[in-house]
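K.L.:
test case, fold it:
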Amino acid sequence: MNGHDNPRIVGQVKEVTSLANPLIKDIKALSLKKFRDQQNAFMAEGLKLIIDALDLGWSIRTLVFAKAGRGNPAVEKVAARTVAAGGTVLEVSEKVLVAITRRDNPQMVVGVFTQQFLPLKELRPGNGDVWVALDRVRDPGNLGTIIRTVDAVGARGIILVGETTDPFSVETVRATMGSIFAVPVAKATQDAFLAWRNGFPGLVVGTHLKGAVDYRTVDFSRGPVLLMMGNEQQGLPDALAESCDRLLRIPQAGRADSLNLAVATGVMLFEIRRGALKLDPAS
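P.N.:
Numbers count the residues shown, from 1 in each chain. So this is what the prediction gives:
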């Protein structure tokens, strides 16, 4: 980087070409949940995602960019923001970037961020709010797609119940397309979640194969809404199903008896949005 163009970061960028570099080894290790948990960190790819994350107040620890990014004003600006936040900036070879991302055509920029979970006790649902509770969701693609959909419909956030896939895995973060930075995520045991649900001031609904109510017939316009969605294989367990005010079904016209979890959640959220969020249909 040219010190005349950006004197704030000259001398503070480390050039790395070796896969044996300890900093690179630590970043590569974030592909494993054990190391993400130990470091309370995760990796996100793409310049726009990293700019959005910084704008939303996320804490960046390390910025990694390809040599091709040198001289790119947007990359240099993000590098300066990283240094100002106390983070490390690495300029790496294509070989190193491929190893970090495990992609043949990696993004030019990768960021390592501190994980953020919203404490369940801090959730204060208000009128018009929509929350989604996911029971033991297993598939990172499903979770990432649901986070992205929650963001798209303007719902407030997600509560992960029980043993779920990691919202900060590389696969989940990729599937969110950046929405991981915009959607609050809480996690809880089933018992803690049910205790919190008991104080929920609005309508609690869940989809269930035994649901008696067509999801299109429900009035979602009063107070906050909590949508419960079950595990991909087993659906909602009895304890959660019994805590719902209403069990809903999404009618199937063809031979399939159920929808993919992310698709079903999307169908439900856009129906709830029509009522609870009262948005202009053209928006």
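
K.L.:
helix or strand for Lys187, which one?
P.N.:
Following DSSP states H and E, one finds Lys187 within strand 185-188.

K.L.:
now Ala239
P.N.:
helix 238-242.

K.L.:
cool, and Ile51?
P.N.:
Per DSSP H and E: helix 47-55 holds Ile51.

K.L.:
which strands or helices does that helix pack on?
P.N.:
Using 3 or more Cβ pairs under 8 Å, 6 or more residues apart in numbering; DSSP states H and E, the elements in contact with helix 47-55 are strand 60-66, helix 73-84, strand 109-114. The C-beta positions use only the backbone N, C-alpha and C, and glycine is treated the same way.

K.L.:
angle of that helix against helix 73-84?
P.N.:
Between the axes of helix 47-55 and helix 73-84, defined by axes from the mean of the first three to the mean of the last three Cα atoms, to 10 degrees, the angle is 40 degrees.

K.L.:
roughly how far out does helix 47-55 sit from the chain middle?
P.N.:
The chain centroid and the centroid of helix 47-55 are separated by 14 Å under Cα atoms, centre = their mean, to the nearest Å.

K.L.:
same check, this time on stretch 110-126
P.N.:
The chain centre lies 10 Å from the centre of stretch 110-126; the measure is Cα atoms, centre = their mean.

K.L.:
I'd like the next helix or strand past the strand holding Lys187.
P.N.:
Counting by DSSP H and E, what follows strand 185-188 is helix 190-197.

K.L.:
counting contacts, what elements does the helix or strand following that following helix pack onto?
P.N.:
Later in the chain than helix 190-197, the nearest helix or strand by DSSP H and E is strand 203-207. When contacts are defined as 3+ Cβ pairs under 8 Å, 6+ apart, strand 203-207 packs onto strand 225-229, strand 246-249.

K.L.:
what's the helix or strand following strand 203-207 in contact with?
P.N.:
Once the chain leaves strand 203-207, the next helix or strand it forms, by DSSP H and E, is strand 213-214. The contact list for strand 213-214 (Cβ atoms under 8 Å, 6 or more residues apart in numbering) reads 246-249, 251.

K.L.:
try it again at 10 Å.
P.N.:
Counting by Cβ atoms under 10 Å, 6 or more residues apart in numbering, the neighbours of strand 213-214 from elsewhere in the structure are 205, 246-251.

K.L.:
check what pLDDT Ser258 gets.
P.N.:
We have a pLDDT of 75 for Ser258.

K.L.:
over to Gln234?
P.N.:
For Gln234, the predicted pLDDT is 88.

K.L.:
quick one: mean pLDDT over the strand or helix carrying Met43.
P.N.:
Using DSSP H and E, Met43 falls within strand 41-45. The average pLDDT for strand 41-45 rounds to 97.

K.L.:
can you give the distance of it from its chain's centre?
P.N.:
Distance of strand 41-45 from the chain centroid (Cα atoms, centre = their mean) equals 11 Å.

K.L.:
partners of it, with directions?
P.N.:
strand 109-114 (antiparallel) (DSSP bridges).
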